[in-house]
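Colleague: Requesting a structural model of the entry that follows:
(chains A, B, C, D, E and F)
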Number of protein chains: 6
Amino acid sequence: MSTGLFVGRFQPFHKGHLATVNYALARVETLIIAIGSAQKSFEQRNPFTAGERMAMIRSSLDSSEFDWRRVMIVPVPDIEIHSLWTRYLDLFVPAYDKVFSNDPLTIALFKERGILVEEPPLLERHSLSATEVRRRIATHADWGALVPDGSASIIRKVGGEARVASIANVAERPDHKK
Amino acid sequence: MSTGLFVGRFQPFHKGHLATVNYALARVETLIIAIGSAQKSFEQRNPFTAGERMAMIRSSLDSSEFDWRRVMIVPVPDIEIHSLWTRYLDLFVPAYDKVFSNDPLTIALFKERGILVEEPPLLERHSLSATEVRRRIATHADWGALVPDGSASIIRKVGGEARVASIANVAERPDHKK
Amino acid sequence: MSTGLFVGRFQPFHKGHLATVNYALARVETLIIAIGSAQKSFEQRNPFTAGERMAMIRSSLDSSEFDWRRVMIVPVPDIEIHSLWTRYLDLFVPAYDKVFSNDPLTIALFKERGILVEEPPLLERHSLSATEVRRRIATHADWGALVPDGSASIIRKVGGEARVASIANVAERPDHKK
Amino acid sequence: MSTGLFVGRFQPFHKGHLATVNYALARVETLIIAIGSAQKSFEQRNPFTAGERMAMIRSSLDSSEFDWRRVMIVPVPDIEIHSLWTRYLDLFVPAYDKVFSNDPLTIALFKERGILVEEPPLLERHSLSATEVRRRIATHADWGALVPDGSASIIRKVGGEARVASIANVAERPDHKK
Amino acid sequence: MSTGLFVGRFQPFHKGHLATVNYALARVETLIIAIGSAQKSFEQRNPFTAGERMAMIRSSLDSSEFDWRRVMIVPVPDIEIHSLWTRYLDLFVPAYDKVFSNDPLTIALFKERGILVEEPPLLERHSLSATEVRRRIATHADWGALVPDGSASIIRKVGGEARVASIANVAERPDHKK
Amino acid sequence: MSTGLFVGRFQPFHKGHLATVNYALARVETLIIAIGSAQKSFEQRNPFTAGERMAMIRSSLDSSEFDWRRVMIVPVPDIEIHSLWTRYLDLFVPAYDKVFSNDPLTIALFKERGILVEEPPLLERHSLSATEVRRRIATHADWGALVPDGSASIIRKVGGEARVASIANVAERPDHKK
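Modeller: Predicted coordinates:
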């Protein structure tokens, strides 16, 4: 009856993320998928809202045999005091026994608290990152193969391709608004 | 394939809330249960964390035949600019078609945006409020009958009775810390 | 060529405020009307947005002979650190020589900095307050005589009567959302 | 009786900004000039306070025949949730019918809401940017020709040249305070 | 070589606080006196700045034989997420072994973390509270006997009597600024 | 009976900082050492908490003859409005007569207020900076000679070497959490 925690920003949710979800579900009874930096969107590194990212994850997991009782998808905003972030996260999610993460700082912070951390194997790490997916979308390169069909359909439905491209332009403007 | 939205603070999740969830699930395909003031806890009006409230809701809905695919439970923090709150909420949840609410201001804010709002019937409004549940817990009165068994077991598991009582005391201290 | 500063929340802008504006304009060349708590609206004590309050002031001052060059209307948000508020205000407005205020704390804070403060005479202080205007609107009493016609027309145009009444109700709800 | 909205940071207000103001005033009855990032100053990209920027704009527009009734100059602070920024702006300004902007993201955000956006022609885009004005000030190059006389006199009056230069230095310190 | 922690708001530092400091110094080698709500001042319940409160404490402890190496006086601001406050406090102070507190919630929060808490005896609890000191100052009653001479001299030096009185008035104004 | 103010981030407290403290103590009766950016830690440029930095300073100053009455070590968090920072600092510390600083912006801000500023001589500026100390720690180079023994022992005690190294890695991750 164990519960796992998998934290990511999912900007967007790609096949590597899906592989980690499946890896974790093979090892725990219930999995909390925490959507980090939930308050961010319409930024270069964070184009999608938490609601859109939740829709991507649901759409990517969806199939007739999937047991939805086993998954909780929970948006978690950032906190200004970084070092308290794992404590803040704990306020947003039910109790968990184990963390799945490949991020060294996340691993360090949870280990320091005596919480069990497991590093799932990484799928084609260099080509399969959210940074690479965003780069391809912004440059009109082929990105569809990097994300589950569920993610791709949500990205298209919310006009994500145009959004990512227009945000990428902004940073190069000489005197943009913010 | 409609999606409904039900917003509450659920401090704690009581039988009136459960009745509204069931009312809404009879009318929409998918229901988003948004946990408002998600960042608050250990306060007199907000004793439980969002994670604890999520656990109460899950535990209260749990049964062998419940279809978990139909429900999303999503914590949503407050925003300092109240009048933008429904816009902020939209960033945290997938798209929805309809709102279930009995709160006049919530109703007004969503209607102003042209969003469909339905007022579910209220169950024994005066005795069945979260304020009354907290009052009974704080005064060691009988509160168990007001909440689903699932809520009661989570409240007990997290030491909620002692917590509600000790927070109630704080407000009466002559020079307490905050 | 002196510049004056008049600070208020203007929730809403009433005849007492207008009298102060005219009093000040008889004494300085240019008047900065600072709209305090600019970020607040849709709250019991702060029903109107800064933009609506600016519209009330402009509409109340409007006449063929009014010299608009002599007035600046500037929204100023609150700052969390109250004691720095006059310093923060200084960042939002051009330089000024003199403050018009009847508020003891405002007077104290500016005097402590060596800034000249003048207390304009108060018009029928007890009946002519924004609190009284809001109370009358919320209870459907006659409020029109307390505010300039310009204010009244903006309040009606933005649906202010219904808004003030619905916000007043919220505070009495046993378990409202915030 | 239309109202236009022109948003900029105006760090500082230069001749390109003035051209846009005049372009807009030829097309709308009233123009709201919103000073963005109003809370920022004494930073490399944001050296001037909102009050100083307001003084620059007023001084640049000033002439015996200018009709001050037609212009509102309104400081608007940033909001942490970028995607809600246009909604937040709406709280600070009276209602408007049309937006003047050359910023792709601003254009996209307003268009998404169905608000009319017009792109005014840009004056010598590469040499006439606020970034270029700040660069020239910081390097003691000739910057006066890029800004209206009104802006230049305010910049000099507030000691802006020394300020821009000293802030530029800060970023290169090995261990500066912030 | 043990280190103790004593948390208070010290608005102002009174003889009960001094008794607790002495009680604690008899039991630990080093004492951290944390000044809570450090960011607050010029408010009814929080009239004095953290710097003024620090000066009161130093002045009250001062004597030729006092060993200053044994005391650290540390201002700690509030954090919006109350339940993380003891974790936040830990970022501002060196490590400690034991907490001295009479506040039930503070006691509960530290005990939950397994930290040792000792409740020092309270001196004349009802007459000797900061609330009572502020009440007496605001009503021009005799307050000097409730605080150490060091506190009294700082309160007088910073004009604290006039300040407390003028802030008390503010709350009763019908339409005050904030 | 003069009081001096020395502001720094002390990430970590190195021999140059210690030299400035001694320089200042030779010129004023009491010295306030303000720890800036107190809320930051576990970040690349700010690895240590304010409490750890306070421990470093205390440990570096400690000796049998040191007069602890002459020093106050005070953590001061950042404020979002940079230009108000010196005003905000004033709320956290007792009154002072003079500032010791080598930072051009700090010097400019205090001088603008008419406060006396003295620039202490810098010790081997290029090799002796906190940036250099952090760089050496992160790259496992020899860093011990750059800091007082007191600092070094605290850094080792809190596991600072591993922390600095793991934070340095984070920035190079393709899709890290924040």
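Colleague: So residue A:65 belongs to a strand, correct?
Modeller: No. Counting by DSSP: H, G, I helix; E, B strand; the rest coil, residue A:65 falls outside a strand, being coil.
Colleague: So it versus residue B:69, what's the distance?
Modeller: 11 Å (CB to CB, to the nearest Å). For glycine as for every other residue, the C-beta is placed from the backbone atoms N, C-alpha and C.
Colleague: same thing with residue A:20?
Modeller: Distance, residue A:20 to residue B:69, by CB to CB: 21 Å.
Colleague: so is residue A:72 in a helix, a strand, or just coil?
Modeller: strand.
Colleague: Now it: closest residue in space, sequence neighbours ignored.
Modeller: Leaving out its chain neighbours, the residue that sits closest to residue A:72 by CB to CB, 6 or more residues apart in numbering or on different chains is residue A:32, at 4.8 Å.
Colleague: And residue A:136, by the same measure?
Modeller: Nearest one to residue A:136, counting by CB to CB, 6+ apart, is residue A:143 at 3.8 Å.
Colleague: Equivalent analysis for residue A:102, please.
Modeller: residue A:119 (5.4 Å).
Colleague: burial of the one you found, as a residue count?
Modeller: 13 (other CB atoms under 10 Å in any protein chain shown).
Colleague: same question, residue A:158
Modeller: Other residues near residue A:158 come to 18 when the count uses other CB under 10 Å.
Colleague: sorry, back to before: so for residue A:65 and residue B:69, which residue has more residues nearby?
Modeller: Set residue A:65 next to residue B:69 and count neighbours by other CB under 10 Å: residue B:69 wins out with 16 against 4.
Colleague: That one contacts residue A:67, doesn't it?
Modeller: No. Between residue B:69 and residue A:67 there is no contact under CB atoms under 8 Å: 9.1 Å.
Colleague: For the residue nearest to residue A:102, which residues are in contact?
Modeller: Neighbouring residues of residue A:119 by CB atoms under 8 Å, 6 or more residues apart in numbering or on different chains: A:100, A:101, A:102, A:107.
Colleague: Scan these and report the most crowded one.
Modeller: Using other CB under 10 Å as the neighbour test, those are led by residue A:100, with 23 neighbours.
Colleague: just checking, that one touches residue A:20?
Modeller: Yes. Assessed by CB under 8 Å, residue A:100 is found in contact with residue A:20 at 6.2 Å.
Colleague: so where is chain A shaky, pLDDT-wise?
Modeller: A:1, A:124-126, A:169-178 (pLDDT under 70).
Colleague: what's the nearest residue to the most centrally placed residue in it if we skip its chain neighbours?
Modeller: The centroid of chain A falls nearest to residue A:10 when counting by CA atoms, centre = their mean (2.3 Å). In space, not counting the residues next to it along the chain, residue A:10 is nearest to residue A:53; the distance is 4.6 Å by CB to CB, 6+ apart.
Colleague: Strands of chain A, start to end?
Modeller: A:3-8, A:30-35, A:71-75, A:98-100, A:116-118 (DSSP state E).
Colleague: Generate JSON lines for those, with distance to residue B:24 as supplementary columns.
Modeller: Formatted as JSON lines, the strands of chain A follow (distance: least, CB to CB, whole Å):
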{"stretch": "strand A:3-8", "distance to residue B:24": "27"}
{"stretch": "strand A:30-35", "distance to residue B:24": "24"}
{"stretch": "strand A:71-75", "distance to residue B:24": "19"}
{"stretch": "strand A:98-100", "distance to residue B:24": "33"}
{"stretch": "strand A:116-118", "distance to residue B:24": "38"}
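Colleague: Tell me which of those strands lies nearest to residue D:159.
Modeller: Closest to residue D:159 of those is strand A:71-75 (CB to CB; 46.1 Å).
Colleague: Could you pull up the residues touching the closest residue to chain B within chain A?
Modeller: Nearest to chain B, among the residues of chain A, is residue A:68, at 3.7 Å (CB to the nearest CB). With contact set as CB under 8 Å, 6+ apart, residue A:68 has these partners: B:67, B:68, B:69.
Colleague: can you do 6 Å?
Modeller: B:68, B:69 (CB atoms under 6 Å, 6 or more residues apart in numbering or on different chains).
Colleague: quick one: it from chain D, how far?
Modeller: Remark: distance between residue A:68 and chain D (CB to the nearest CB, to the nearest Å) = 29 Å.
Colleague: What of residue A:155?
Modeller: Relative to chain D, residue A:155 is positioned 16 Å away (CB to the nearest CB).
Colleague: any idea how far residue A:56 is from that residue?
Modeller: As judged by CB to CB, residue A:155 and residue A:56 stand 7 Å apart.
Colleague: between those two, who's got more neighbours?
Modeller: The neighbour comparison of residue A:155 against residue A:56 (other CB under 10 Å) goes to residue A:56, with 30 against 25.
Colleague: wait, doesn't that one sit right on residue A:14?
Modeller: No. Contact criterion CB atoms under 6 Å: residue A:56 and residue A:14 do not qualify, at 9.3 Å.
Colleague: Let me know whether the residue nearest to residue A:72 touches residue A:93 as I believe.
Modeller: Yes. Assessed by CB under 6 Å, residue A:32 is found in contact with residue A:93 at 5.0 Å.
Colleague: Common neighbours of those two, please.
Modeller: Joint contacts of residue A:32 and residue A:93 (CB under 6 Å, 6+ apart) are residue A:74.
Colleague: ok, back up a step: pull up the overlap in contacts between residue A:100 and residue A:20.
Modeller: Common neighbours of residue A:100 and residue A:20 (CB under 6 Å, 6+ apart) are residue A:120.
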